[in-house]
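The following block contains a protein sequence and its predicted model.
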Amino acid sequence: MDEPQAKRAKVTRDTDDYMPGNILEIELCNFMTFTTLFEKPGSRLNLVIGPNGSGKSSLVCSIALGLGADPQVLGRATSIGAYVKRGEESGYIKITLRGENKGEKITITRKIDVHNKSEWILNGKCLILHADNVL
């Protein structure tokens, strides 16, 4: 006999059309191809389009690394220091997510440097400072 499928919890959009966990803002500094970038994605479908070398993959990598992905899973570099813009010593990724309620924001900042160190900041409070393993 087939087991009944579990029902997903219904998540509704608030009056601002965002759902909890949606990306509200992305800010980059000295990350891959970007000196600075500030983007505010829309609440629904977002497309990243542009010519080769314009930073589409850099933006996607920043989201993954800013939300905790290991650099090795991206297939571009094995250490976090390789994502700092060439010629710079450090940079950061700052991602603001929609919280449970319209006015609630969750801000995650990952500071990185060429020595493969990361500093994680959640809502302005430093959580972790560590050197990533280097092969």
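Done, it's in.

okay, the most centrally placed residue in the chain: pLDDT?
For the chain, Ile63 is the residue whose C-alpha lies nearest the centre (C-alpha atoms, centre = their mean; 2.7 Å). Note for Ile63: predicted pLDDT of 97.

part of a strand, is it?
No - in this structure, Ile63 is helix, not part of a strand, as judged by DSSP: H, G, I helix; E, B strand; the rest coil.

For it, give me its contacts.
Going by C-beta atoms under 8 Å, 6 or more residues apart in numbering, Ile63 touches 23, 26, 95. No exception for glycine: its C-beta is placed from N, CA and C like everyone else's.

Show me what the lowest-mean-pLDDT helix or strand in the chain pairs with in its sheet, parallel or antiparallel.
Ranking every helix and strand in the chain by mean pLDDT, DSSP states H and E puts strand 125-131 at the bottom, with a mean of 76. Here strand 125-131 is paired, per DSSP bridges, with strand 117-122 (antiparallel).

which outside residues touch the partner strand?
Here strand 117-122 makes contact (C-beta under 8 Å, 6+ apart) with 80-81, 106-112, 126-132.

so where do the helices sit in the protein?
Remark: helices assigned in the chain by DSSP state H are 56-66.

for it, what spans make up the strands?
Assigned strands in the chain, in chain order: 23-31, 34-39, 90-98, 105-113, 117-122, 125-131 (criterion: DSSP state E).

Indicate which one of the ones you listed is closest to Thr15.
Judged by C-beta to C-beta, the one of these that comes nearest to Thr15 is strand 90-98, at 12.3 Å.

what pLDDT, on average, does that closest one get?
If you average the pLDDT over strand 90-98, you get 98.

Direction-wise, compare it with helix 56-66 and give the angle.
Going by axes from the mean of the first three to the mean of the last three C-alpha atoms, to 10 degrees, strand 90-98 is angled at 80 degrees with respect to helix 56-66.

ok now strand 90-98, how far from the chain's centre?
Relative to its parent chain, strand 90-98 has a centroid offset of 6 Å by C-alpha atoms, centre = their mean, to the nearest Å.
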